[in-house]
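Novice: just coords:
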């Protein structure tokens with residue numbers, strides 16, 4: 001018999017619309033995950049969660065291969081300060097995902113490790129074209 005137990009994921013529909021900006025959290029975890037489309041990106045940048053140390057992923061259809069998705073994975077002390085620049089340089093993205101914590105528990109060392117690990121995992125899975133040139 002497994003000792004695992006369930007978890008509750010809370011989804012906050014910022015725009016009262018499941019196709020709009022979404023903030024996800026898990027009870028008992030200080031992290032939050034924000035998911036935005038290009039049309040809700042401006043509202044994403046206004047969220048306090050985004051002005052923290054964290055990881056972000058920009059992904060969408062790979063313009064060079066219609067059968068694949070393409071992703072850029074980044075980290076920052078303030079995601080808000082970096083994600084706009086990254087998004088502006090990458091025309092392929094359709095969705096942005098930001099992962100941060102409410103208690104400032106993530107440090108620069110943590111997010112650098114997580115960025116490198118996510119890039120390695122994405123490359124190893126070979127299911128998405130990774131747009132990162134560092135950590136190659």
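Specialist: Perfect, I can see it now. Here the structure is a predicted model, which is why all the values come from computation and not from measurement.
Novice: show me where this protein has strands.
Specialist: Using DSSP state E, the strands found in the chain span residues 9-13, 22-26, 31-37, 54-61, 69-76, 95-101, 128-130.
Novice: What strands line up against the second one, and which way round?
Specialist: Right, the one you point to is strand 22-26. Here strand 22-26 has these sheet partners by DSSP bridges: strand 9-13 (antiparallel), strand 31-37 (antiparallel).
Novice: check contacts around the residue nearest the centre of the chain.
Specialist: By C-alpha atoms, centre = their mean, the chain has its centre lying nearest to residue 97, at 2.7 Å. Neighbouring residues of residue 97 by C-beta atoms under 8 Å, 6 or more residues apart in numbering: 33-36, 56-57, 59. Backbone N, C-alpha and C define where each C-beta goes, glycine included.
Novice: pLDDT below threshold where in the protein?
Specialist: For the chain, the stretches flagged by pLDDT under 70 are 1-3, 134-136.
Novice: re earlier: with the contacts of residue 97 in mind, which one is nearest to residue 25?
Specialist: Nearest to residue 25 out of those is residue 33 (C-beta to C-beta; 7.5 Å).
Novice: Find the nearest non-adjacent residue to the closest one, please.
Specialist: residue 24 (4.4 Å; C-beta to C-beta, 6 or more residues apart in numbering).
Novice: my guess is the one you found contacts residue 49, does it?
Specialist: No - here residue 24 does not reach residue 49: they are 10.6 Å apart, not a contact under C-beta atoms under 8 Å.
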